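Visitor: pasting the structure only:
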């Protein structure tokens, strides 16, 4: 999924059973993953393993491309 963020937007701390890969296609983000903070900018990516507590803050307007395994049924729309 592709998600755009305004500067200052917060992805609150949470966890889920899915493994997540996030790719920063634009902007700058502070990620908090399992107690560790990292700054990611365009071209960077991270992997968030199942059930780790994580969240992010958008430091500069940007866009993330996230993928999940298994896929997030709660994000899929019925046609």
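Guide: Perfect, thanks for sending it. Predicted model only: the values in this text are computed from it and were never measured.
Visitor: Parallel or antiparallel, which strands does the helix or strand containing residue 29 pair with?
Guide: Under the assignment given by DSSP states H and E, the secondary-structure element containing residue 29 is strand 19-33. Using DSSP bridges, the strands paired with strand 19-33 in its sheet are strand 36-41 (antiparallel), strand 45-48 (antiparallel), strand 54-69 (antiparallel).
Visitor: Highest mean neighbour count out of those strands?
Guide: Comparing the strands paired with strand 19-33 by mean neighbour count (mean count of other Cβ atoms under 10 Å), strand 54-69 comes out on top with a mean of 17. The C-beta positions use only the backbone N, C-alpha and C, and glycine is treated the same way.
Visitor: So, low pLDDT: which residues of this protein?
Guide: Applying pLDDT under 70 to the chain flags residues 78-79.
Visitor: Report the contact partners of the residue nearest in space to the middle of it.
Guide: Compute the mean C-alpha point of the chain, and by Cα atoms, centre = their mean the closest residue is residue 22, 5.0 Å away. Residues in contact with residue 22 (Cβ atoms under 8 Å, 6 or more residues apart in numbering) are 31, 40, 45-46, 48, 56, 64-66.
Visitor: hmm, back to that, any chance of TSV for the strands paired with strand 19-33, columns distance to residue 18?
Guide: As requested, the strands paired with strand 19-33 are exported to TSV (distance: least, Cβ to Cβ, whole Å):
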stretch	distance to residue 18
strand 36-41	19
strand 45-48	9
strand 54-69	4
